[in-house]
Structures are given as C-alpha cells and as structure tokens.
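Engineer: Sequence first, predicted coordinates after that:
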Amino acid sequence: MNSKASNPESWVAQHGDYLFRFAMVRLRDEHLAEDAVQETLLAALQGQQNFAGDSAERTWLVGILKHKIVDLIRKKVREPTLVNLDEPVEFAEDESTEAMFDHTGHWATPSQDWGNPDKVLEHKRFWEVLNECLKRLPPQLAMLYSLREISGMETQDICKDLNISPTNSWVMLHRARLSLKQCFELSWLGGERVGAR
Amino acid sequence: MLTCKDASKLMSQSFDRRLGLMEKAGLRFHLLICKSCHLANRQLDFLHQLCKRIAAKPEDIVSLQPGLSAEAQERIIKELRRKQDEQLASGD
C-alpha cells in the first residue's frame, strides 16, 4: 500500500465534514449529500494506488466528489417523476416569467437596489433563502441552475449531460434567474427593507 | 429598441455565452437609459456572486456547521471496512 495515502477510515474524520458541506450546497439534500460522500470515499479506496500523493489528499477527494455529484444529479433528473429531459421540453415563455413584464415588455414592478453583494453576503441567511427559493422552482430548473451557478459547469457540458439544446438551456436559466430575483425581492432583501422602515 | 424583457434575456445569457457585438451594444445602451434594468442587472450579478461564494466557502454556512451526522459517519466507516475486507480477501 502506498505509504503516502493515509488510513481510509481517517478520511471520514479529516475530510468528512468538508466533503459533506461541499456536496450539500450542490445537491441541497442531506441524504443525497451523504451518499455522495460515501461513494466518493469508496471510489477513493478502490483507486488508492492511483493517488500520486503529489496533490493534497483533500483536492484528490474533491475531484472524485465532483463527478459523483454530477452522476447523482443526472440520475435524479432522469427519475420518472420529473419531466423527462430525453424528450427535450421546450420551455416556452411561461406565465411566471410573463407576469413580471407588462404588455409593452417593461418590468411590471421596478427592480430593487440590493446594494453591494460583498456587504450583504455577510448576511448569514443567504444560503437558507437561496435554498427556499430554489425549492419553489420546478426541480429540473433548480438542478440546471445549481449545476451552472454553484457547480460552475460549462453550459455546453450541462447540455450534453442533460440532453438539452443550448437554446433551451438559456431559456430555462433565464426563467430560473428571474424567478430567483423575484423570490429574493419578496422573501429576503425586500422584506428586510420594509421591516427597517 | 430592446424592451426590458429582451434586455433581461441578454443579461441572463451574458452569464452563459459570449454575446455578439450588436447584442452587447444594445444591452449596454438599454442599461444606460433604463434604471429598472440597471438594477435588475445588478441583482442578477448579485445572485451570481452569491452562488460563487456559497460554492467556494460552504464552511461559512452556519446551518451546515454540524457537518456529517454521527450516524452517517458510522455508516460510511462500516462501508469502508467492508470494502477493505473484500479487497484483502480478493488479494488486491
């Protein structure tokens, strides 16, 4: 056994929490995140001899975890309860996006000034609000948004993975972003400002 | 002339693809003359920065502080041991 690799059981103590949080913000589901950590460590054990030891152990594990997360999302997207992306659904302009504009294409309500993200980002509740707002989206929209914005995957890779056209992905992401904008206005920054008055 | 709705599509797509020169110019002009779109654009950027920050520093998130539950840790260690035994048995 490679002496550079530490005892697999100590991985849980040393990296378990880190890997779990990394998976949680991307999967937003405790059980899926635990599964992702478990599958990562089992795959790491299997491929231990491939660990060159020239990168940090954590970096190596995170590299495996990223693949596991995409696998889990892909599986989830293909669940029959969700819209099947194998038969591309063209997300036309839907009512929720439509309702944000008047008949002349202007915003129905003026946008709010949220200020400087650096300052507001110190707000401890941002993750909870994002999570709540993502829950209100159709699941496939939330997953697409999460892959793009939190995992930072390239659009072309996501399209290949989920079998959707680039045009469709842009329509879906536009819808997701506008819905989140509206949700944040209603539930977080907007509400706070009203409360501060 | 772009409507706000058109402009919002370009704002969103600018995160996902390189806009054409005409699209860029049209959007820039619209953002100059339309306060609501200027703010909307900042909101979308805000959400983008927020996601980047969450992805980069999940350990800052208070509700995720507890990390893996004791049960999950135990389960994972058990699975790791089982796999190690399998590997030993197969002479790996």
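Structural biologist: Received it, and whenever you're ready, just let me know what you need.
Engineer: Now do the same contact list for the residue lying closest to B:Lys9 once chain neighbours are set aside.
Structural biologist: Distances taken as Cβ to Cβ, 6 or more residues apart in numbering or on different chains put A:His174 closest to B:Lys9, at 5.5 Å, once the chain neighbours are dropped. Just so you know, the C-beta spots here come from the backbone N, C-alpha and C atoms, and that holds for glycine as well. Contact analysis of A:His174 by Cβ atoms under 8 Å, 6 or more residues apart in numbering or on different chains lists A:97, B:8-9, B:12-13.
Engineer: Closest one of the residues you listed to A:Arg136?
Structural biologist: Proximity of the contacts of A:His174 to A:Arg136 (Cβ to Cβ) peaks at A:Thr97, which lies at 13.8 Å.
Engineer: so the closest one touches A:Ser179, yeah?
Structural biologist: Yes - at 7.5 Å, A:Thr97 and A:Ser179 qualify as touching, with contact defined as Cβ atoms under 8 Å.
Engineer: hmm, the single longest helix found in chain B touching chain A?
Structural biologist: Taking DSSP state H as the criterion, chain B has its longest helix at helix B:35-56. Yes - residues of helix B:35-56 are located near chain A by Cβ under 8 Å from any Cβ of the partner chain, namely B:35-37, B:39-40, B:42-55.
Engineer: returning to what we had before: what score does the residue nearest to B:Lys9 have for pLDDT?
Structural biologist: With respect to pLDDT, A:His174 scores 95.
Engineer: buried set for the helix or strand containing it?
Structural biologist: According to DSSP states H and E, A:His174 maps onto helix A:166-187. Within helix A:166-187, the residues that count as buried by 16 or more other Cβ atoms under 10 Å in any protein chain shown are A:168-185, A:187.
Engineer: So what angle separates the directions of that helix and helix B:35-56?
Structural biologist: 100 degrees (axes from the mean of the first three to the mean of the last three Cα atoms, to 10 degrees).
Engineer: CA-only coordinates of helix A:166-187 in PDB, if you can.
Structural biologist: What follows is helix A:166-187, C-alpha atoms only, in PDB (Å, rounded to 0.1, in the frame of the first residue of the first chain):
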ATOM      1  CA  PRO A 166     -28.200  25.300 -25.700                       C
ATOM      2  CA  THR A 167     -31.200  27.500 -26.700                       C
ATOM      3  CA  ASN A 168     -33.400  25.600 -24.300                       C
ATOM      4  CA  SER A 169     -30.800  25.900 -21.500                       C
ATOM      5  CA  TRP A 170     -30.700  29.700 -22.000                       C
ATOM      6  CA  VAL A 171     -34.500  29.900 -21.800                       C
ATOM      7  CA  MET A 172     -34.500  27.700 -18.700                       C
ATOM      8  CA  LEU A 173     -31.700  29.600 -17.000                       C
ATOM      9  CA  HIS A 174     -33.400  33.000 -17.800                       C
ATOM     10  CA  ARG A 175     -36.600  31.700 -16.200                       C
ATOM     11  CA  ALA A 176     -34.700  30.400 -13.100                       C
ATOM     12  CA  ARG A 177     -32.800  33.700 -12.600                       C
ATOM     13  CA  LEU A 178     -35.800  35.900 -12.900                       C
ATOM     14  CA  SER A 179     -37.800  33.600 -10.500                       C
ATOM     15  CA  LEU A 180     -35.000  33.800  -8.000                       C
ATOM     16  CA  LYS A 181     -34.700  37.600  -8.400                       C
ATOM     17  CA  GLN A 182     -38.400  37.800  -7.600                       C
ATOM     18  CA  CYS A 183     -38.300  35.300  -4.800                       C
ATOM     19  CA  PHE A 184     -35.400  37.200  -3.100                       C
ATOM     20  CA  GLU A 185     -37.300  40.500  -3.500                       C
ATOM     21  CA  LEU A 186     -40.300  39.000  -1.700                       C
ATOM     22  CA  SER A 187     -38.600  37.000   0.900                       C
END
